[in-house]
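In: I would like to see how this sequence folds:
(chains A and B)
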Amino acid sequence: MREALKTIEVPAVGLVVLCGASGSGKSTFAARHFAPTEVVSSDQCRALVGDDETDQSVTATAFELMHDIIDKRLELGRFTVVDATSVKPEDRRSFVELARKWDVLASAIVFDLPLSVCLERNDIRADRQTPRHAIERQHKTLRRTARKLRKEGFGRTYTIGSVAELDAVEVVRTRMWTDRRAETGPFDIIGDVHGCHTELIALLAQLGYDTEARPIAHPDGRQAVFLGDLVDRGPGVTEVLETVMDMVDAGTALCILGNHENKLSRALAGRNVTRSHGLVESLEQLEARSPEFRERVVGFLDGLISHYILDGGDLVVAHAGLPERYHGRASGRVRSLAIYGDTDGETDEFGFPIRYPWAEEYRGKAAVVYGHTPVPAAEWVNNTICLDTGSVFGGALTALRWPERELVSVDAPEYYAPTRPLVAESAERPPLLLDVEDVLGKHYIETGLMGRLTVDAERSTAALEVMSRFAVDPRWLVYLPPTMAPVATSDRPDLLEHPDEAFAYFAKAGVSSVVCEEKHMGSRAVLIFARDGDAAQRRFGITNDAAGVIVTRTGRPFFPDATRTGALLDRVRSAVSAAGWWDALGTDWLVIDAEILPWSAKATELLQRQYAATGAAATAALAAAGDLLAAAAGRGVDVAGIAERTTVRQGHVSRYVDAYRQYCWEVDGLDGIEVAPFQILAAEGEVLARRPHRWHLEQIDALIEHGAGVIRRTERRFVDLADAEQVAEATAWWTASTAPAGDGTGDRLAGGITDGIAEGIGEGMVVKPADPIVRGERGLVLPGVKCRGAEYLRIIYGPEYLEPQHLERLRQRSLGRKSSLARREFALGIEALERFVDRQHLYRVHQCVFGVLALESEPVDPRL
Amino acid sequence: MLLSLTSTTTDATDLGFVLHKHPERVRSVDVGFGRAHVWYPEATTERCTATLFVEVDPVALSRKPGGTRKSGGAATLEPYVNDRPYAASSMLSVALGRLFGSALAGNCASRPELVDRALTLEIELPVVPVRGGEAVVRRLFEPLGWAVDCHALPLDEAFPRWGASRYVSVTLAGDHTVQRALQHLFVLLPVLDDKKHYWIGDDEVDKLLRRGGDWLPTHPEAEFITRRYLRFGGLAREALVRLAEANEDSDERDESNDAAEAEVERPLSLNDARTEAVLTAVTDAGGGRVVDLGCGEGRLLARLVATPTVAEVTGVDVSVRALERAAKRLRVDDMSERRRESANLIQGALTYDDARLRGFDVATVVEVVEHIDLERLDTFEQVLFERVAPPTIVLTTPNREYNVHFERLRADKGDADKGDDDKGGADRGGAHDLRHGDHRFEWTRAEFAAWVAGVTDRRGYRATISGIGPEDPDTGPPTQMAVFTRGVDR
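Out: Below you'll find the model as predicted:
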């Protein structure tokens, strides 16, 4: 008699097939041990397609549905239980195939209860009964075939032989061996060592490990992760093994399986393997050690796992890398892919297998760190990185610090002649080519600032047209600016926007210090340029006569002609050179956020068609009406009410004309054009947009003297929100700067506290947190809000909007959507820069930039 | 919004009776979009002037759904900053109808003899938006017996270089009955403006014919007036048919139509020639699975679908609107499942790699390459010849040298482009000598040949170049075509 079955262990990622005749208690068992959504049953599928669980006529369709559900669940790595009789091998085969397809373990639980029990249970079923002979046949078939379940491909099988067992058995989920998500490091991931013991010790020391200690450990508790291929070729194979085994045993290191360990393990087990690729060195060195040591090595190698998922799922380590669909899966195929990579038997001119360039297509969320293929330098490709820098071939031994993503390496002498030169793996996907799949359809973009953001398919559709027809080449376009929300609507009787609301917003968000920046009435522009054409080609993979671009908010060329772009960039570039930015920032390219003035330079068409036209019509019409009213009044007709209103309206119109005229001046070529930079967004190695605004403004101030009159200063006030005096002073500055022309307010304030724009009629100001990126209790704080002057707003809300009966209705505006867009676009913009600075693949940068454009196509009140 | 009507026929104050408005009082009425007032700045026996002034509520106008906001277009700043409150547009016609309804209808109970009496009238319209300028004002009013005096208002006197605005100050003088004068204004003010109307409805045709009455059918610009008045094709056609019934001598109009058509046919026949040449090239290549890259509204697709050797057609364009129109043209909705599977329309862009575009036998790229920025041409080349890489590629593009023959077309087109399509105007380059506003370049024969040679060299294709359309000895054909064949070694 076998021992009673007490525990059934099922893998957390896997497929469990319940096998048993009708009435053997499968569904009851499933309901007791598994969540309802984990169980896919034939009855349930019959009901879903045919409205009746017992309708045998829809069985074929129901089983197709069952397969589809299982297929999808396994694709997602969901634990799945199949509840159907599954008594015949052919019934079970398709389930095993699905498990294989998705590389999960298949287990079978056989309900081998006495026939009498099944029949009895069937008899007392109220809703339906299976014919007796059918149950007898099922019972017999299962008995006959159950012994061959292992052969059918079930990794584990359990048999429940009695009602007692059925009632008593426990089901336990076991964690996958590869699942080490709970371990969060920090880690130091080390590439292929290949017996380079001296270099390993040097590298560990450089990483801060105490290499004198036994076992070697890091004082801060960091953990080393070895990517496999510790052995073969190099002179110190056994020393490396000893060091790593000690560390793994002590928990100061993890190690995964490499193909060389796999082969060595087989050789040590006495299997017949070809003694090439440096295996001889390992075996010879092991011969010199004690039998106990060799035994320890055998045990160690046997215990190595194909890959690990670490740090909450953010990090995957696999010797030869691993496409996302295999992460956390278990099968012979996964093991083979993880240690050899995806090869189809072809070899290159040096006799090495040609590998499928999975990293080029990798889109996974987890970073994949791997080795196996010697490369000249470790470089990130689509969130994957190969750390095998060919230490044994005279390259270097390289480690990656995680989560810091810093690379540390030590050079090594050539211990072993390479059989082929170290070259970067040939990419199936050209490095700078975008795929329409990168942008079309619904997309999720992971951002550092706001987590996962969604770009809807409809929005992508709109953005694709702009991006492909009107925008500059995506290789240049590494950033697009976010939209900016206005302040909450003021409840003052004579205004729509006032600084009070801006200060209140930031104070409430927990920001104590803000900067008020003059809002230039020009057109937003982003300057993306390199020091010279060579630098552009190197960094952007593209160049042009201007070695850069100037783009609008939607990525279009700012100037229709390349000549002005080139000339303006040349002036900015020479100012940057004179100010010494290239060296100070250690860069040969820059992305600068700016406003280009005058407004009329870019928006002439809009100005003439809409603003000036409305002004011309209004001025002439109201003047004529005034004359005709005066004539009527002169002969005693009572038109006083209309005349009075008309006079007021004439005043409004004249201020409106003053307002738009303020932003217009004639330009000729570059003469008259001014650039007002307000942020240096990024340079080599750093997203500068994270630095405080004070730093940016100071840098830019220093640029002005070298700018040959082209660079315009941005006036600003730094305000400590707790200091009422500073708040009042900034408010007065705003009031004066936005006052109507000739109003005199500016003059009154001219003594000391006003400068620059205090002439009045300015557009207004933007209030930003002094540190650009702030996370409040309710998420990311807006990077800035605009507070526009009452006069300027005539251009937005119409010449006469300040009339009380109009203003009252205009207050009804909803800002929520605009603020939400502003935040999301900001997060995407910063993410784009981060990715570009990280030298990620163009498509990774482009997705974010494209996302900003796509969000911009959302319908929002354009006056906000 | 302002209009003054002056009579200098003694006794001039009779005007008050005709208009049903007392010269010594102000009359104010709500007109939905604001308040309209009538008063008399002058009322003597020699000279009497009635002024109609409308105070438009700008906020109500902007917030009203279906107001002046362009239907379907992207929301712009226009609604709030708008000339409608000030300029004499169709809204003034509405106010005329509201305040001078009886006069328009020819009713005057107290002095019926005045209705049919022609007065010496002067009409002043200080701000009229006119599409087409002074000439249009004259074309419309002079045939009706008005002496026209007008001058364009400057856009902004502070910026003389901006020139004149589209507003014209108009003075009309002539002898007419008040009813007729008001009818002229009622119908022609919206025609001058030529913008979408405040009211759009099915009863418009009736309104036009009623107000236009007997004078419109004989007006030499009747068709022009009707078209502008009813900016929507269906209504305009209906109105024209009904007008034709009233107008006996229609032969003359037919003739002018023919002439217009011949003018339009020149470019049309080039389109046809291009389509035929491309179809021949596709058939010569054996047809099979064909992808039309940059299919636009599907002119070529419709022909490809009907070509026997073509088994499957896929149209690709970046513009969703174009694809929608192509679907309509192909009647995708009416297709059987089987046929629908053989005709696909997908959104895509040739500057992105696209797995959906692989595996075709032939790609057609008709009048597309010139829409791509020169800077992005290398990406286009890589996608088309390395990633999509079908065995045969048929590509056409204009021959810039031939443009000298297109003087007339270009002038017309430039004018039309300036019209109501305001998108992107400011962002586009001003290459005036190109055939289309969106063309980034056009190649001469030598430039095209050089590019083709470079491509064949770099990408393992062979190519033959030919011309489409009438060959000119000096400039060559209007369109050039290259048929690329993938080399066997690839």
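In: Using the three-state scheme, assign the spatially closest residue to residue A:817 that is not a sequence neighbour.
Out: Excluding the flanking residues, the one nearest residue A:817 by C-beta to C-beta, 6 or more residues apart in numbering or on different chains is residue A:860, at 5.5 Å. Any C-beta I mention is one placed from the backbone N, CA and C, and that applies to glycine too. Under the three-state scheme (DSSP: H, G, I helix; E, B strand; the rest coil), residue A:860 adopts coil.
In: close enough to count as contact, residue A:860 and residue A:820?
Out: No. Contact criterion C-beta atoms under 8 Å: residue A:860 and residue A:820 do not qualify, at 9.5 Å.
In: Name the helix or strand for the residue nearest to the spatial centre of chain A, please.
Out: By C-alpha atoms, centre = their mean, chain A has its centre lying nearest to residue A:446, at 2.5 Å. Here residue A:446 sits within strand A:443-447, counting by DSSP states H and E.
In: Could you tell me which strands sit next to that strand in the sheet, and their orientation?
Out: When pairing is defined by DSSP bridges, strand A:443-447 lines up against strand A:451-455 (antiparallel).
In: and the partner strand, C-alpha only, in CSV?
Out: Taking C-alpha atoms only, strand A:451-455 is exported to CSV below (Å, rounded to 0.1, in the frame of the first residue of the first chain):
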residue,chain,number,x,y,z
GLY,A,451,4.4,55.8,-13.3
ARG,A,452,2.5,54.3,-16.2
LEU,A,453,0.8,56.7,-18.5
THR,A,454,-1.7,55.8,-21.2
VAL,A,455,-1.8,57.1,-24.7
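In: what residues does it touch?
Out: A:442-447, A:824, A:827-828, A:850-851, A:854-855 (C-beta atoms under 8 Å, 6 or more residues apart in numbering or on different chains).
In: now stretch A:822-838
Out: With C-beta under 8 Å, 6+ apart as the test, stretch A:822-838 has contacts from A:380, A:405, A:445-450, A:453, A:478-485, A:591, A:681-682, A:684-687, A:689-690, A:773, A:779-780, A:782-783, A:844-845, A:848-849, A:851-852, A:855-856.
In: if you look at the residues you listed, which of them are in helices?
Out: Among those, DSSP state H puts A:844, A:845, A:848, A:849, A:851, A:852, A:855, A:856 in helices.
In: the strands in the stretch 301-450 of chain A, which residues?
Out: Secondary structure of the stretch 301-450 of chain A, counting by DSSP state E, counting those that start in this stretch: strands at A:307-310, A:315-318, A:343-347, A:353-355, A:367-370, A:380-381, A:384-386, A:396-402, A:406-411, A:443-447.
In: Could you count how many residues lie near residue B:121?
Out: Residue B:121 has 21 neighbours, counted by other C-beta atoms under 10 Å in any protein chain shown.
In: quick one, what contacts it?
Out: Counting by C-beta under 8 Å, 6+ apart, residue B:121 makes contact with B:5, B:6, B:7, B:8, B:172, B:173, B:174, B:175, B:176, B:178, B:181.
In: In ChimeraX, how would I select just the buried ones from the contacts of stretch A:822-838?
Out: To isolate the buried members of those in ChimeraX, using 16 or more other C-beta atoms under 10 Å in any protein chain shown:
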select /A:380,445,447,449,450,453,478,479,480,481,482,483,484,485,591,681,682,686,687,689,773,780,782,783,844,845,848,849,851,852,855,856
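In: Please name the bridge partners of residue 443.
Out: Picked chain A for this. With DSSP bridges as the rule, residue A:443 is bridged to residue A:455.
In: hmm, I had chain B in mind actually
Out: Beta bridges link residue B:443 to residue B:399 when assigned by DSSP bridges.
In: Am I right that it is in contact with residue B:396?
Out: No. Counting by C-beta under 8 Å, residue B:396 is not a contact partner of residue B:443; they are 11.2 Å apart.
In: Which one of these two is surrounded by more residues?
Out: The residue with more neighbours, out of residue B:443 and residue B:396, is residue B:396; 26 against 19, by other C-beta under 10 Å.
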